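Student: got a predicted structure here, sequence first:
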Amino acid sequence: MGTVVIQRIYHKEAEKIGEKVKKRIAEIEAKMTINKPGGEINALNDTSGKDYVVLGDDTLYVLDKARHFSDISNGAFDVTIGPLVKAWGIWSDNPRIPQKSEIDELLELVDYKDVLIDKDNSRAMLKKTGQVVDLGGIAKGYAADEAINIYKENGVESAFISMGGNVAVLGGKPDGSPWRIGIRNPKGSQGSYIGIVSVKDKTVVSSGEYERFFEKDGVRYHHILDPKTGYPAESDLTGVTIVSDLSIDADALSTATFVLGLEEGMRFIEGLDGVEAVFITKDDKIYITGGLKNIFEFKDESKEFEYVEKR
Ligand code: ADP
Ligand code: MG
C-alpha cells in the first residue's frame, strides 16, 4: 500500500499471526488497488458507464463506506477522485501538473453519486464512462481494521499496527496501560511529535500534506485533492488526526477533514458520535475536539506550536 507496516503483537505465536496479517493486507491491496493491474476495483473502473461488476464482500464493504463518507462530507472526500489522482500522477514515479483545461474536463467525471451499489446482488457500477474509483484514502484503514480482527481471532489481547499515517491498537499495552500514540509534527522529521494521545482499542489516523508530495519550481503539490477544484486542497491545516473505533472511518474522515479545513472540519467532526480530532493549522496552532481533553497531551519539543485549548 505504498507504506511501511509495523506490527507489535504480544502473543506466543506473534510471528505466525503477523504473517497472517501481512497476507491479508496484500490480499486487500490486490483487490482494491488502481496502481497495479488486476483486482476488483480495476474491473469496476474498466466497465464504467457500461455494466455492473460483481464484487467480493470486502470490496463492496469498503466501496459502500467510501460512498457513505463521500456523502456525509458533502464530497470533500470523493471516492471518484481517481481520474484526477491519475492525471496528477500522485502514485506514479513521474507526478506532473496537469493543464487547467485537462483538470476541468476530468472534474466532470468526479461525482460520488455516480457510484451505484446494488447490495442485494453484490455488485456495483460507475454511471459514466471514464469514471475511476480510488480507494487510496480509505483502504489502509480497512486493512488496519482487518489486522485487529486477525489479532482478536487468534487470541491476542495486546497489539499495535502502524501503516503510514494509520495506527490501530488492540487493548492496552501488555502492562494494561493505554498505548501512547505520537502525533507527528507536520513540519518536522518523522520522529518529531507535537503531542500524544493515550488510547485503548482505538485507531489514530493522520492525514497531512507531508505524507506524499512533489515539488516543481519551488511549489509543493501534495496528494490530497480538493474534489471541487481538482487541485491539491488549499487547506488551512497542515495535518489532522482522527481518533475513533474503526480505522476505515478514521481514514476517510481524516482525508475529508483535511480538505474541509479547521472551521468546517471541527463542526463536521463534533457532529459525529465517537469520533474526535486534533487539528494542526498552517499558522502552527493546535486545536482538539471536546472528547480529547483527557486523552490528548500537548508535547511540542520544537516549541513552534501553540495549543489553543478552547475555541
Ligand atoms: P495518506 O494516508 O496516504 O496520507 P489519505 O488517507 O489522506 O492518505 O488519502 C490520500 C489518498 O486518497 C491520495 O493518495 C489519493 O489516492 C486519494 N485522495 C486524494 N484526495 C482525495 C479526496 N478528496 N477524496 C478521496 N480520496 C482522495
Ligand atoms: Mg484517508
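Tutor: Great, that's in hand. Ligands and ions are numbered 1, 2, ... in the order given.
Student: going forward, measure contacts and count neighbours with C-alpha atoms only.
Tutor: Will do.
Student: next to ligand 2, which bits of the chain? Give me the list.
Tutor: For the chain, the residues in contact with ligand 2 under the definition C-alpha under 5 Å from the ion are 137-138, 251-252, 255.
Student: in helices, which of those fall?
Tutor: Among these, the members found in helices (DSSP state H) are 251-252, 255.
Student: got those residues as TSV, with neighbour count columns?
Tutor: Converted to TSV, those look like this (neighbours: other C-alpha atoms under 10 Å):
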residue	neighbour count
D251	31
A252	31
T255	25
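Student: and the residues of the chain next to ligand 2, which two are furthest apart?
Tutor: Farthest apart among these by C-alpha to C-alpha are I138 and T255. That separation is 8.5 Å.
Student: hmm, I295 and G195 touching each other?
Tutor: No. Using C-alpha atoms under 8 Å, G195 makes no contact with I295, being 10.4 Å away.
Student: comparing those two, which residue is more hemmed in?
Tutor: G195 (20 against 13; other C-alpha atoms under 10 Å).
Student: quick one: contacts of the helix or strand that contains the more buried one?
Tutor: Element membership for G195 (DSSP states H and E) is strand 193-199. For strand 193-199, contacts defined as C-alpha atoms under 8 Å, 6 or more residues apart in numbering pick out 169, 172, 178-185, 295-302, 305.
Student: pLDDT on it, on average?
Tutor: Mean per-residue pLDDT for strand 193-199: 97.
Student: check which element follows that strand along the chain.
Tutor: Using DSSP H and E, the helix or strand that follows strand 193-199 in sequence is strand 203-208.
Student: just give me how far that following strand sits from the chain centre.
Tutor: 7 Å (C-alpha atoms, centre = their mean, to the nearest Å).
Student: surely F77 and A256 touch.
Tutor: Yes. At 4.6 Å, F77 counts as touching A256 under the criterion of C-alpha under 8 Å.
Student: compare these two (neighbour count), which wins?
Tutor: F77 (31 against 28).
Student: check which helix or strand covers the more buried one.
Tutor: If you go by DSSP H and E, F77 is not part of any helix or strand.
Student: run through the residues that contact it.
Tutor: Each residue near F77 by C-alpha under 8 Å, 6+ apart is listed here: 69-70, 227, 252-253, 255-256, 259.
Student: same check, this time on T47
Tutor: So T47 contacts 53, 125-126, 129 (C-alpha under 8 Å, 6+ apart).
Student: where's it relative to N74, distance?
Tutor: 26 Å (C-alpha to C-alpha, to the nearest Å).
Student: spell out which residues of the protein are next to ligand 1.
Tutor: Residues of the chain lying near ligand 1 by C-alpha under 6 Å from any ligand atom: 76-79, 81, 85, 134, 136-138, 165, 207-208, 211, 223-227, 251, 255.
Student: which residues of the stretch 101-250 of the chain fall in helices?
Tutor: Counting by DSSP state H, counting those that start in this stretch, the stretch 101-250 of the chain has helices at residues 139-153, 247-270.
Student: quick one, the first one and strand 203-208 angle?
Tutor: Using axes from the mean of the first three to the mean of the last three C-alpha atoms, to 10 degrees, the inter-axis angle of helix 139-153 relative to strand 203-208 is 160 degrees.
Student: in helix 139-153, what's buried?
Tutor: The neighbour-count check on helix 139-153 (16 or more other C-alpha atoms under 10 Å) flags 139-148, 150-151 as buried.
Student: now that helix, how far from the centre of its chain.
Tutor: Offset of helix 139-153 from its chain centre (C-alpha atoms, centre = their mean): 14 Å.
Student: off-centre distance for the helix or strand encompassing E15?
Tutor: If you go by DSSP H and E, E15 is part of helix 14-32. How far helix 14-32 lies from its chain's middle: 18 Å, per C-alpha atoms, centre = their mean.
Student: dump it to CSV, restricted to CA.
Tutor: C-alpha atoms of helix 14-32 as CSV (Å, rounded to 0.1, in the frame of the first residue of the first chain):
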residue,chain,number,x,y,z
ALA,A,14,3.2,-13.5,17.4
GLU,A,15,5.4,-14.3,14.3
LYS,A,16,2.7,-16.5,12.8
ILE,A,17,-0.1,-14.1,13.4
GLY,A,18,2.0,-11.2,12.0
GLU,A,19,2.4,-13.3,8.8
LYS,A,20,-1.3,-13.8,8.5
VAL,A,21,-1.8,-10.1,8.7
LYS,A,22,0.8,-9.4,6.1
LYS,A,23,-1.0,-11.8,3.8
ARG,A,24,-4.4,-10.2,4.4
ILE,A,25,-3.0,-6.8,3.7
ALA,A,26,-1.5,-8.0,0.4
GLU,A,27,-4.9,-9.5,-0.5
ILE,A,28,-6.7,-6.3,0.3
GLU,A,29,-4.3,-4.3,-1.8
ALA,A,30,-4.5,-6.7,-4.7
LYS,A,31,-8.3,-6.4,-4.8
MET,A,32,-8.6,-2.7,-4.3
